[in-house]
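Undergrad: After the sequence you'll find the predicted model.
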Amino acid sequence: ANTAEVTINYFDTARVIRDVLMITNDEQKTITRPGNSGSIVFDNNNVAIAMIISGDNNFTYAVKLSHIFTIHDEMIIA
């Protein structure tokens, strides 16, 4: 599912992340474990679509790669 925003509780603070993919399995359980952040998510056609940023007991949260590439294009790299 895609959500407009979600609050993710990181170890130091809660952060509101916008336009996040919420991924779960058939039993409404997360598909990741601690340490999976940064892993790439692929769709059913093996196309990379997102990067995992967090998870809880029910969902894995991932940011769309299109957002990451947009941020990268806007950065000035010295």
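TA: That came through, no problem. Numbering: from 1, shown residues only.

Undergrad: which outside residues touch the longest strand seen in the chain?
TA: Determined from DSSP state E, the single longest strand within the chain is strand 14-23. Applying CB atoms under 8 Å, 6 or more residues apart in numbering, the external contacts of strand 14-23 come out as 1-8, 30-31, 41, 49-50, 53, 59-64, 67. The way it works is simple: take the backbone N, C-alpha and C, and place the C-beta from them, glycine included.

Undergrad: PyMOL command for the buried members of the residues you listed?
TA: Per 16 or more other CB atoms under 10 Å, the buried members of the contacts of strand 14-23 correspond to this PyMOL selection:
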select buried, resi 6+8+30+41+50+53+59+60+61+62+63+64
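
Undergrad: tell me the SS of G38?
TA: Secondary structure, DSSP: H, G, I helix; E, B strand; the rest coil: G38 is coil.

Undergrad: tally of neighbours for it?
TA: 8 (other CB atoms under 10 Å).

Undergrad: from memory it sits against S54, does it?
TA: No. Counting by CB atoms under 8 Å, G38 stays clear of S54, with 10.8 Å between them.

Undergrad: Quickly note the distance from the residue positioned nearest the centre of the chain to T13.
TA: By CA atoms, centre = their mean, the chain has its centre lying nearest to A62, at 1.1 Å. Using CB to CB, to the nearest Å, we find A62 at a distance of 20 Å from T13.

Undergrad: now A50
TA: From A50 to T13 the distance is 23 Å (CB to CB).

Undergrad: What are the boundaries of the strands in this protein?
TA: 2-9, 14-23, 40-42, 48-55, 60-64.

Undergrad: With mean pLDDT as extra columns, can I get the ones you listed in JSON lines?
TA: Below are these laid out as JSON lines (pLDDT from 0 to 100):
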{"stretch": "strand 2-9", "mean pLDDT": "77"}
{"stretch": "strand 14-23", "mean pLDDT": "84"}
{"stretch": "strand 40-42", "mean pLDDT": "92"}
{"stretch": "strand 48-55", "mean pLDDT": "90"}
{"stretch": "strand 60-64", "mean pLDDT": "90"}
